[in-house]
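**Student:** structure of the sequence below:
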Amino acid sequence: MKETVGILVHGDNHFIVRGPLPDRATALALARHWSLIEIGGTTPPSLNRWRISTREFRENLSWAVVVPGDSGISQAVKELLTEVSARGVTIHNSDHGSW
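**Tutor:** Down below sits the predicted model:
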């Protein structure tokens, strides 16, 4: 099975992620894990199915998740989410309970 690519938005931060669409609890755990820099830290086994990707084409994004953050979503990420949504990808938003 081909690995999927998505975007995880957390406030004004976002991550391009390789892995399956995470459920709400996992998306929150990933955002917390990747938002804190922990020298020598390890990824919990429950999150090993996902990894940050540094080079992807936006056309390959097949899922999108928005989780609450301390600040608003940047204009550039809003535009990307609009583009992804226009291609038929559902934007899962934990603030609006849309998943």
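**Student:** three-state assignment of residue 26?
**Tutor:** State at residue 26, reduced to three classes by DSSP: H, G, I helix; E, B strand; the rest coil: helix.
**Student:** tally of neighbours for it?
**Tutor:** Close neighbours of residue 26, defined as other Cβ atoms under 10 Å, add up to 18. C-beta: built from backbone N, CA, C; applies to glycine.
**Student:** go on, residue 61?
**Tutor:** Residue 61 has 20 neighbouring residues, counting by other Cβ under 10 Å.
**Student:** equivalent analysis for residue 23, please.
**Tutor:** 12.
**Student:** before we move on, what about residue 45?
**Tutor:** Using other Cβ under 10 Å, residue 45 is surrounded by 7 other residues.
**Student:** can you give the distance of the helix or strand hosting residue 81 from its chain's centre?
**Tutor:** In this structure, residue 81 is located in helix 75-86 according to DSSP states H and E. Distance, stretch centre to chain centre, for helix 75-86: 13 Å (Cα atoms, centre = their mean, to the nearest Å).
**Student:** I'd like the next helix or strand past it.
**Tutor:** Heading C-terminal from helix 75-86 (DSSP H and E), you reach strand 91-93.
**Student:** and that following strand, which strands flank it?
**Tutor:** strand 61-67 (parallel) (DSSP bridges).
**Student:** what angle sits between the partner strand and helix 75-86?
**Tutor:** 130 degrees (axes from the mean of the first three to the mean of the last three Cα atoms, to 10 degrees).
**Student:** report the buried residues of the helix holding residue 81.
**Tutor:** By neighbour count on 16 or more other Cβ atoms under 10 Å, the buried set for helix 75-86 is 77, 80, 81, 84.
**Student:** a markdown table for these, including pLDDT and distance to residue 8?
**Tutor:** Below are the buried residues of helix 75-86 laid out as a markdown table (pLDDT from 0 to 100; distance: Cβ to Cβ, whole Å):
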| residue | pLDDT | distance to residue 8 |
| --- | --- | --- |
| 77 | 91 | 11 |
| 80 | 93 | 12 |
| 81 | 94 | 11 |
| 84 | 94 | 12 |
